[in-house]
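**Q** The following comprises the amino acid sequence and a computationally predicted model.
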Amino acid sequence: MRLAPSLHRLGNDIVASYLITTPAGITLIDAGLPGMYADLRRELDTIGRPIDDIRGVVLTHGDSDHVGFAERLRRDHGIPVFVHAADADRARGGDKPKTPVGPMRIGPLLSFAAFGIRKGMRPQWLTEVVSIDGDTTLDLPGAPRVISMPGHSPGSVAVFSPEVRAVFVGDALTTRHVLTGRTGPGPAPFTDDPTEALASLARIADLDADWVLPGHGPAFRGSPSAAVSAVRSAARAADRA
């Protein structure tokens with residue numbers, strides 16, 4: 001799905017990943033679920049680009065619904081996969097702390113489960129990663145700048161590309177809660193440290209971007225500051241409830 005020139009989304013409002021497309025190559029942000037590899041091939045066919053134009057995969061964190069088909073790209077095409085050092089073990093299938101599930105509704109939960117069944121919830125963990133330590137700008141198409149965003153996981157990051165005026169936030173926030181169906185910017189479920197995750201949002205609030213793109217939910221067309229303000233309001237409302 002084309003969002004803007006040089007900016008494409010794979011998947012849907014339940015699970016999404018993104019392509020930054022430039023004449024010099026393509027950067028993939030997150031890899032969704034394993035079965036979304038077919039979505040990638042279809043999108044590349046639509047825009048007339050070969051899979052070997054992908055120069056790298058940048059993971060916003062190491063959870064299974066973001067690692068997806070990254071190992072397949074690494075193994076079959078030699079495409080490097082970048083992940084924050086604090087989530088490298090997680091992306092290889094290491095231990096993940098159990099987090100409170102919180103409120104849920106049966107309809108959204110079933111939709112999430114059905115999509116997972118179609119696209120393959122069984123993880124394909126990475127066997128090799130390129131670890132990123134701290135904030136850095138990667139030598140990849142779109143000049144993606146990695147911004148540490150601990151909270152959802154220790155190595156969660158946002159990825160800011162000034163070339164496409166977008167910040168990819170993974171699960172630092174959500175615009176569609178996969179368990180309740182609530183829409184609009186809000187805190188993501190299954191977060192290791194919700195307080196730290198909220199504090200980390202300050203790191204993207206002042207970015208000059210037109211898109212805030214989460215791993216779950218529709219694209220947010222607006223400034224990061226507006227998205228962050230909405231998440232904080234949603235968190236306060238949940239605390240009062």
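**A** Sure thing, it's come through.
**Q** how about the helices of this protein, start to end?
**A** Per DSSP state H, the chain carries helices over the ranges 37-47, 64-67, 70-77, 88-91, 106-119, 194-200, 224-240.
**Q** ok and the first one relative to helix 70-77, angle-wise?
**A** Looking back up the chat, that one is helix 37-47. 60 degrees (axes from the mean of the first three to the mean of the last three Cα atoms, to 10 degrees).
**Q** what comes up buried for helix 37-47?
**A** Residues of helix 37-47 classed as buried under the neighbour-count rule (16 or more other Cβ atoms under 10 Å) are Tyr37, Asp39, Leu40, Glu43, Leu44. Bear in mind the C-beta positions are built from the backbone N, C-alpha and C, glycine included.
**Q** ok, of the residues you listed, which one's closest to Asp135?
**A** Closest to Asp135 out of the buried residues of helix 37-47 is Leu40 (27.4 Å), distances taken as Cβ to Cβ.
**Q** Which residues are in contact with the residue nearest the centre of the chain?
**A** For the chain, the residue nearest the mean C-alpha position is Gly170 (2.8 Å; Cα atoms, centre = their mean). For Gly170, the contacting residues are Asp30, Leu59, Thr60, His61, His66, Met149, His152, Ser156, Val157, Ala158, Pro214, Gly215, by Cβ atoms under 8 Å, 6 or more residues apart in numbering.
**Q** Looking at the residues you listed, which is nearest Val83?
**A** Once Cβ to Cβ is applied, the member of the contacts of Gly170 that ends up nearest Val83 is Leu59, at 4.4 Å.
**Q** how far away is Asp210 from Met1?
**A** Between Asp210 and Met1 the distance is 17 Å, computed by Cβ to Cβ, to the nearest Å.
**Q** Then Pro224?
**A** Going from Pro224 to Met1 by Cβ to Cβ gives 21 Å.
**Q** now do Asp76
**A** Counting by Cβ to Cβ, the gap from Asp76 to Met1 is 24 Å.
**Q** Who has more neighbours out of the two?
**A** More neighbours surround Met1 than the other of Asp76 and Met1, with 15 against 11 (other Cβ atoms under 10 Å).
**Q** my read: that one touches Ala16, true?
**A** No - if you go by Cβ atoms under 8 Å, Met1 and Ala16 don't touch, sitting 9.0 Å apart.
**Q** Could you name every residue contacting both of the two?
**A** The overlap between the contact sets of Met1 and Ala16 (Cβ under 8 Å, 6+ apart) consists of Arg9, Leu10.
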